[in-house]
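Participant: Provide a 3D model corresponding to the input given below.
(one chain, ligands or ions: 1)
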Amino acid sequence: MPEGDSLHRAAARLQPLVGERVAASSPNPRGQVTNVARQVDGRVLESVEAVGKNLLLRFEGGIVVRSHLRMNGRWRVRETGGATWRGKPWLVLRTPRWEATQWNGPVLALDERPIRRLGLDLLADETDVTSLPARLRRADARRLLGDVLVDQRLVAGIGNMWLAELLWQARVSPWLALGDVTDEELVAGLDWARTAMRGSVAGMRPRRNVYRRAGRGCRRCGEPISSRGLGDDNRTAYWCERCQRRA
Ligand SMILES: [Zn+2]
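Facilitator: Residues are numbered from 1 along each chain as shown. Next up is the predicted model:
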């Protein structure tokens with residue numbers, strides 16, 4: 001699943017097209033059925049922004065296109081007039097200078113209604129991390145941290161990698177219940193994640209300490225990193241049993 005920061009990078013790549021009138025097409029039949037190209041063709045692209053795990057493209061006339069990339073979706077931007085593509089993009093937006101292509105969908109839609117249900121975007125300038133524990137505590141106190149922090153209705157933008165890393169930084173286990181974590185621990189983890197993810201938008205990737213390091217030594221205490229499926233969609237949690245408390 002793309003993390004919030006990878007969506008912010010995609011939004012940054014698309015910025016050269018903002019303010020330009022675009023010619024739109026959908027070479028891929030699955031893109032054609034979304035009707036997006038027909039609706040935006042010939043309109044000025046007014047803004048592109050990442051909101052949680054969605055990319056919102058606003059066009060003149062109040063048309064908003066929502067792009068959710070899930071595992072395999074990609075946006076690419078290159079100068080117009082390059083080699084022919086290998087494969088069929090769902091959407092092509094072309095200006096005299098730039099050509100943006102959207103690949104593999106899987107969600108390309110014309111309305112933004114689902115966006116309003118999203119929680120506060122962890123990466124947004126106006127987000128105050130110290131306000132987040134109160135929002136998170138609206139959830140059932142028995143839910144596990146490894147589940148609550150990736151619930152996009154509570155706080156948007158955190159995916160599985162940053163989840164694992166922020167919990168390691170805050171020294172709390174993904175198996176700790178929301179009711180058993182302190183506000184200070186939540187703020188420490190979320191503040192670290194916000195800083196690291198914003199750094200990642202700018203091209204700085206921190207070293208991974210737990211994510212996909214199952215069986216290798218914890219960089220803090222040497223204990224082998226544990227991993228196991230957690231939550232309804234059974235995403236893999238990574239943690240150190242010794243230095244991340246679970247009670
Ligand atoms: Zn450890």
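Participant: Just give the closest residue to residue 192, not the sequence neighbours.
Facilitator: Distance criterion CB to CB, 6 or more residues apart in numbering; nearest residue to residue 192, sequence neighbours excluded, is residue 169 at 4.4 Å. C-betas here are computed from N, CA, C, even on glycine.
Participant: what's the distance between the helix or strand harbouring that neighbour and the middle of its chain?
Facilitator: Taking DSSP states H and E as the criterion, residue 169 maps to helix 160-170. On the basis of CA atoms, centre = their mean, to the nearest Å, helix 160-170 sits 14 Å off its chain's mean C-alpha point.
Participant: For the helix or strand following that helix, buried residues please.
Facilitator: Next along the chain after helix 160-170, taking DSSP H and E as the criterion, comes helix 183-201. Buried residues in helix 183-201, counted by 16 or more other CB atoms under 10 Å: 185-194, 196-198, 200-201.
Participant: Okay, strands next: where are they in the protein?
Facilitator: 23-25, 45-51, 54-59, 63-68, 74-79, 91-94, 98-103, 107-109, 120-121, 155-156, 226-230, 235-239 (DSSP state E).
Participant: Name the residues that touch the first one?
Facilitator: Contacts with strand 23-25, where a contact means CB atoms under 8 Å, 6 or more residues apart in numbering, come from 36-38, 40-42, 91-95.
Participant: Mind putting those into a markdown table with distance to the ion?
Facilitator: What follows is the contacts of strand 23-25, written out as a markdown table (distance: CB to the ion, whole Å):
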| residue | distance to the ion |
| --- | --- |
| 36 | 47 |
| 37 | 50 |
| 38 | 54 |
| 40 | 50 |
| 41 | 54 |
| 42 | 57 |
| 91 | 45 |
| 92 | 48 |
| 93 | 46 |
| 94 | 51 |
| 95 | 50 |
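Participant: Can I get these in CSV including pLDDT and neighbour count?
Facilitator: CSV is the format used below for these (pLDDT from 0 to 100; neighbours: other CB atoms under 10 Å):
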residue, pLDDT, neighbour count
36, 92, 25
37, 93, 21
38, 90, 12
40, 92, 23
41, 93, 16
42, 92, 12
91, 95, 25
92, 95, 20
93, 96, 28
94, 95, 18
95, 94, 18
